[in-house]
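K.L.:
sequence and computational prediction follow.
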Amino acid sequence: MSPFLAIILLQGLVLVSAQAQAPAPAPTGPTNITAILTKAGQYTMFMRLLQTTRAADQINTQLNNSNSGGLTIFAPTDNAFSNLKSGLLNSLSEQQKVQLVQFHIISNFLSISEFQTTSNPLRTQAGDSTDGSYALNVTTFGNQVNITSGVVNTTLSNSVYSDGQLAVYQVDQVLLPLAFFRSPAPAPAPLEDKPKKGSKDPETSKDDTDTTTDSSGVIHGFNKLVFGVLLVGSIVYVVL
C-alpha cells in the first residue's frame, strides 16, 4: 500500500470514529416562555415574577396544549420596572402580583396587524374588564400600537418573539391595572339596635317614673291638707 492511500484510509477512520462519538442534535423542545425571555435579555424582573407567581408554568402548559388558541404577552423591560414608584412592587400582596402578571397576558395570539381590528377592551387573564378595573385599550397608527390601562400609556416598542401561537411584545412601562389604585368601598355602618315598640330607654324610663311618682305624692299631700282644713272648718261651724 502506498503512503498516500494509507493516509487517506487513516483520515477516513478518524472521521467515522468522530461521527460515532458526536452527540445527536437535540430535538426541538416545547415552547418555553422563560427560555424565550432569557435569550432576548433585559427581562430579568418580569421572568422573576413569572416564576414566583407560577405563571410561567401555566403559560408553558397552555402553549403546549393542542387546543390552545395561543397567547399574547406584553413583556416589560428591566428599565420599566426600575421606573416604578419606589416600593410599589413590594407593597403588592401575593394575589396582586399574580394579577399584575396576568394583566400582561392575552388569551389568544395577536399579530401586529390584528391589533388594528381587535375590539376594546382587551380581555386579559387578570379578571373582568367591564368596569375598567382590568381593562387594556389599544389604538393603532399604521404599525404603531399604543396601549393604555387607565394608569399607564405605552407603546409596543419591539416584537420579541412570534411563532403563530405565541406573540411576545416589548413594552417600556409596566402595565398597572386601575384596580390597584381604586379606593376600596367603605364598609357599611353597623346597624343600631332599635328599641322595641312600647319600650323605653332605661334611664329615661327611670327619670320619667321618678318624676311621675314625685308629682303624684305632691298632689296627694295637697288633697289631704285641703280635706283637713274643710273638716276643721265644718266642726267649728257646728260648734258655733
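P.N.:
Arrived safely, thanks for sending.
K.L.:
all strands for this structure, in order.
P.N.:
71-76, 105-106, 122-123, 135-141, 144-148, 153-162, 166-171 (DSSP state E).
K.L.:
mind telling me which of these the model trusts least?
P.N.:
When the strands of the chain are compared by mean pLDDT, strand 122-123 comes last with a mean of 88.
K.L.:
just the pLDDT for residue 196.
P.N.:
The model's pLDDT for residue 196 equals 58.
K.L.:
ditto for residue 42
P.N.:
Taking residue 42 on its own, its pLDDT is 93.
K.L.:
does it touch residue 82 like I think?
P.N.:
No. Taking contacts as Cβ atoms under 8 Å, residue 42 lies outside contact range of residue 82: 11.0 Å. C-beta here means a position set from N, CA and C on the backbone, and glycine is covered the same way.
K.L.:
so those two - more neighbours on which side?
P.N.:
residue 42 (15 against 9; other Cβ atoms under 10 Å).
K.L.:
separation between that one and residue 171?
P.N.:
As judged by Cβ to Cβ, to the nearest Å, residue 42 and residue 171 stand 12 Å apart.
K.L.:
do the same with residue 103
P.N.:
The value you get for residue 103 to residue 171, if Cβ to Cβ is used, is 11 Å.
K.L.:
hmm, back to that, now render the strands of the chain as CSV, adding distance to residue 89 and mean neighbour count.
P.N.:
Shown next, in CSV, are the strands of the chain (distance: least, Cβ to Cβ, whole Å; neighbours: other Cβ atoms under 10 Å):
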stretch, distance to residue 89, mean neighbour count
strand 71-76, 11, 22
strand 105-106, 18, 19
strand 122-123, 23, 20
strand 135-141, 19, 17
strand 144-148, 20, 17
strand 153-162, 17, 16
strand 166-171, 16, 21
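K.L.:
any chance of a markdown table for the ones you listed, columns distance to residue 113?
P.N.:
Converted to a markdown table, the strands of the chain look like this (distance: least, Cβ to Cβ, whole Å):
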| stretch | distance to residue 113 |
| --- | --- |
| strand 71-76 | 13 |
| strand 105-106 | 15 |
| strand 122-123 | 15 |
| strand 135-141 | 9 |
| strand 144-148 | 10 |
| strand 153-162 | 12 |
| strand 166-171 | 11 |
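K.L.:
which one of those lies closest to residue 48?
P.N.:
Closest of the strands of the chain to residue 48 is strand 71-76, at 11.7 Å (criterion: Cβ to Cβ).
K.L.:
now do the closest one against strand 166-171, angle only.
P.N.:
20 degrees (axes from the mean of the first three to the mean of the last three Cα atoms, to 10 degrees).
K.L.:
ok, residue 158 touching residue 169?
P.N.:
Yes. At 7.0 Å, residue 158 counts as touching residue 169 under the criterion of Cβ under 8 Å.
K.L.:
chain neighbours aside, what residue packs nearest to residue 92?
P.N.:
Among residues not flanking residue 92 along the chain, residue 100 sits closest, at 6.6 Å (Cβ to Cβ, 6 or more residues apart in numbering).
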